[in-house]
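[1] coordinates only, sequence not included:
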Ligand code: FAD
Ligand code: 2HG
Ligand code: ZN
């Protein structure tokens, strides 16, 4: 082991190979606190050449690598196992914007660039990089690509895989694939870029990316709307799509339990609608600087929605500060639920038309497994994606953990029966690797294993993640 540590030190310099407990602590526990491993070392390369050197050294020594960006993943995929034999390869020092071309609509970045910094770089040339996540102050574009992250702008702009034009990847044997061409048209065979998107660090280390930029949308009209049911929310979505067209950029849902947690745990949060409702949606229209009338359009949509019984009441943001406050009610849910205690996360997609029935039917099934569970249901209803996160009965964290396998099985079985997906946007990581394979067909799992074996025959890239 001393040999490999010496070799890593010569690759990146002594200061960037961390082994002391206090130094590695933040890199070995995930954001949820559920996955806590140990690392042989945390290595922090500063360039693609250094990443290649580190990966080649590990390949020669037969040492497994866990790539890590901002460590905000929610499925335990970015932290090492408890063996203490894996190396965490952190991209945190690779934070350069390599090139911006507003006319071509491209930005080329190091994988360690933090998503919020990418937004700032796009804004500096009057463009938009649309991906928006609650974790954007910490997550990195490499992690976003590796998980094919979603977020609140998918409705209008698509998942991460729709925002990428090319990648630079260090392969498991240390060779570098330079796919940073950034062309919109390139029909020359298999799409290698897309192969690495969503591969969760199991096929190689993403070191750079060319991403798509869009026209800036500095104008916003934002509302927090009380709706009577998930069905009503889905009908309101249809109305907003017809009336606002491409201006509709966000359509998010949250149940009352989710909002109550934000109000209870996040300082400064307040309810803009006095009469409590079972469900709420956050709706936003966005447009260019020259586009007037978004507020009027939103007001008209909501007026018609109230008349049609699809909404009970709405608060429209009258200032940037009010817009931020409405967004906080939605974006603060993860953090607030974490403060509340044990949470069992499920990130599911179903056909939008069946979401309402599915969510209603699930409650009695789960109540039978564990009475008193608190379904905190929210998410990207416009994408058919609900975060069906169960909080423990009050004071019942241990009971929730004991019932977790049965609760999750009931949810996943029902999602599979409805032809949905058990992971809409967070990936499989360690927490869902086994379930991921068991809800896919044998053919699909065989193809995935064949790809993994072709690229990483020694199984050194993030073992145990994505494929069990
Ligand atoms: P990490 O957590 O460091 O790693 C995630 C996975 O990617 C791991 O498997 C890791 O090995 C791999 N990886 C990381 N970097 C690389 C690389 N350079 N090359 C190869 N593999 C790599 N996710 C959503 O999809 N939508 C949301 O709305 C959303 N909201 C969130 C809100 C909060 C408050 C939090 C805490 C998380 C949220 N997430 C969301 C989850 C998380 O932020 C995303 O999965 C994000 O893409 C992870 O980025 P990261 O840099 O933190 O990756
Ligand atoms: C969100 O949409 C994220 O807020 C996080 O995907 C969901 O914490 C979660 O389960
Ligand atoms: Zn989400």
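    That came through fine. These numbers were taken from a predicted model, which means no experiment stands behind them. Ligands and ions are numbered 1, 2, ... in the order given.
[2] ranges for the strands of the stretch 151-300 of the chain?
    For the stretch 151-300 of the chain, the strands defined by DSSP state E, counting those that start in this stretch occupy 164-170, 176-179, 205-212, 214-215, 219-227, 248-255, 279-287.
[3] residue 365: which of these is closest?
    Shortest distance between residue 365 and those, using C-beta to C-beta, is found for strand 248-255: 16.8 Å. The C-beta positions use only the backbone N, C-alpha and C, and glycine is treated the same way.
[4] wait, doesn't residue 333 sit right on residue 253?
    No - contact criterion C-beta atoms under 8 Å: residue 333 and residue 253 do not qualify, at 10.8 Å.
[5] what residues sit buried inside stretch 156-172?
    For stretch 156-172, the neighbour count (16 or more other C-beta atoms under 10 Å) marks 156-157, 159-160, 163-172 as buried.
[6] got the domain ranges for the protein?
    Domain ranges of the chain: 2-90, 97-215, 219-334, 341-427, per automatic domain parsing.
[7] same list (those domains) but as JSON lines, adding mean pLDDT.
    Below are the domains of the chain laid out as JSON lines (pLDDT from 0 to 100):
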{"stretch": "domain 2-90", "mean pLDDT": "97"}
{"stretch": "domain 97-215", "mean pLDDT": "97"}
{"stretch": "domain 219-334", "mean pLDDT": "97"}
{"stretch": "domain 341-427", "mean pLDDT": "95"}
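[8] in CSV, list those along with distance to residue 440.
    Formatted as CSV, the domains of the chain follow (distance: least, C-beta to C-beta, whole Å):
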stretch, distance to residue 440
domain 2-90, 16
domain 97-215, 14
domain 219-334, 27
domain 341-427, 10
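[9] nearest to residue 462, of those?
    In terms of C-beta to C-beta, the element of these nearest to residue 462 is domain 97-215, at 4.1 Å.
[10] so the closest one, near ligand 2 or not?
    Yes - Domain 97-215 lies within reach of ligand 2 by C-beta under 6 Å from any ligand atom, at residue 134.
[11] what about the nearest residue to residue 207 once chain neighbours are set aside, neighbour count?
    Distances taken as C-beta to C-beta, 6 or more residues apart in numbering put residue 48 closest to residue 207, at 4.4 Å, once the chain neighbours are dropped. By other C-beta atoms under 10 Å, 19 other residues sit near residue 48.
[12] roughly how far does residue 48 sit from ligand 1?
    11 Å (C-beta to the nearest ligand atom, to the nearest Å).
[13] what residue in the protein comes nearest to ligand 2?
    residue 334 (3.3 Å; C-beta to the nearest ligand atom).
[14] near ligand 2, which residues of the stretch 251-400 of the chain?
    333-334, 345, 379, 387, 389.
[15] in helices, which of these fall?
    Of these, the ones assigned to helices by DSSP state H are 333-334.
[16] so which of the residues of the stretch 251-400 of the chain next to ligand 2 comes closest to ligand 1?
    Ligand 1 lies nearest to residue 334 out of those, by C-beta to the nearest ligand atom, at 4.0 Å.
[17] how about the closest one: what's its closest non-neighbour residue?
    residue 134 (5.9 Å).
[18] who's in contact with that neighbour?
    331-332, 334-335 (C-beta atoms under 8 Å, 6 or more residues apart in numbering).
[19] and if you look at residue 81?
    37, 430, 463-464 are the contacts of residue 81 under C-beta under 8 Å, 6+ apart.
[20] could you work out the most separated pair of these?
    Checking those with C-beta to C-beta, the most distant pair is 37 and 463, at 12.0 Å.
[21] joint contacts of those two?
    81, 86.
[22] near the closest residue to ligand 1 within the stretch 301-450 of the chain, how many other residues are there?
    Closest to ligand 1 within the stretch 301-450 of the chain is residue 425: 3.6 Å, counting by C-beta to the nearest ligand atom. Residue 425 has 23 neighbours, counted by other C-beta under 10 Å.
[23] so which strand or helix has it?
    Here residue 425 sits in a region with no helix or strand, counting by DSSP states H and E.
[24] quick one, helices of the stretch 251-400 of the chain?
    Taking DSSP state H, counting those that start in this stretch as the test, the helices found in the stretch 251-400 of the chain are 256-265, 294-307, 320-331, 333-340, 355-369, 397-417.
[25] what about the contacts of residue 81, which are in helices?
    Judged by DSSP H, the contacts of residue 81 include no members of helices.
[26] TSV for those residues, including distance to residue 148 and neighbour count?
    Shown next, in TSV, are the contacts of residue 81 (distance: C-beta to C-beta, whole Å; neighbours: other C-beta atoms under 10 Å):
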residue	distance to residue 148	neighbour count
37	23	20
430	17	23
463	20	19
464	19	19
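[27] follow-up on the earlier one: same list, the buried residues of stretch 156-172, but only the ones touching ligand 1.
    Near ligand 1, by the rule C-beta under 6 Å from any ligand atom, you find none of the buried residues of stretch 156-172.
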